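Engineer: got a sequence here, can you model it:
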Amino acid sequence: KFMLIAISFATTLAYGENLSGSFDGWRQVGNANWRIENGEFVADEGNGHLVTEKSFQDFRITAEFYVDAPTANSGIYFHITNVDQIRDTTAYEANINDERPDMEKSTGALVNHMAPSQYIATAGHWNSYDVTIAGDHIVIILNGVTTVDTHNTTHPDAGPISLQHLAGEVRFRNVVIEVL
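Structural biologist: Numbering: from 1, shown residues only. The predicted structure follows:
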């Protein structure tokens, strides 16, 4: 049994709140210029995160993302310990960064924990992320390919989720969180 929390701009409700077309349910941290365009979260300047106001333990998040260039840098962070200092050392990160020199931190990686099973270029087109965490089991699926399947207990067993902007143009749409 699970509870569906949709943070999708298409239709739906999260805990009874309509999040369509607004930042309700999210907190902005940092100076990224997050905005909403055509129902998508968009940022192209600054460094920052959109952080869920709620914490999650066991969940599945699916999202579509677009980055404009291989040098763009973004990611989905989860089990965040301190929302005012979000880093890949204080949370798990499913990375988005095609031009990392080390595979351990390239797109599809669980940064600092597991390199992706294969390199998948994501710049210039829409992509899908499907991240599931149940207990210590973490699975990352990028464009239908399982890039990470591991067990890890480095970070707390619950915390907020964030969408990051660090470099380039980053867009997220159809963000859905399912509580498992």
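Engineer: drop to CA atoms for contacts and neighbour counts, all remaining ones
Structural biologist: Noted.
Engineer: how near is the residue nearest to Ser117 when sequence neighbours are not counted to Ile120?
Structural biologist: Spatial nearest neighbour of Ser117, chain neighbours left out: Thr147 (4.6 Å); criterion: Cα to Cα, 6 or more residues apart in numbering. Thr147 is 9 Å from Ile120, where distance means Cα to Cα, to the nearest Å.
Engineer: and Glu178, by the same measure?
Structural biologist: Separation of Glu178 from Ile120 (Cα to Cα) stands at 25 Å.
Engineer: what do you get for Thr150?
Structural biologist: Using Cα to Cα, we find Thr150 at a distance of 19 Å from Ile120.
Engineer: also Val51?
Structural biologist: 26 Å.
Engineer: out of those two, which sits in the busier spot?
Structural biologist: A direct count of neighbours by other Cα atoms under 10 Å for Val51 and Ile120 places Val51 higher, at 25 against 15.
Engineer: the more buried one belongs to a strand?
Structural biologist: Yes - residue state for Val51 (DSSP: H, G, I helix; E, B strand; the rest coil) corresponds to a strand.
Engineer: burial check on Pro101, number of neighbours?
Structural biologist: With other Cα under 10 Å as criterion, Pro101 counts 9.
Engineer: by mean pLDDT, which helix or strand of the protein comes out lowest?
Structural biologist: Scoring the helices and strands of the chain by mean pLDDT, DSSP states H and E places strand 17-18 at the bottom, with a mean of 33.
Engineer: so where's this protein uncertain?
Structural biologist: For the chain, the stretches with pLDDT under 70 are 1-22.
Engineer: got the contact list for the residue nearest the centre of it?
Structural biologist: In the chain, the centroid-proximal residue (Cα atoms, centre = their mean) is Ile76; its distance is 1.9 Å. Going by Cα atoms under 8 Å, 6 or more residues apart in numbering, Ile76 touches 93-95, 161-164.
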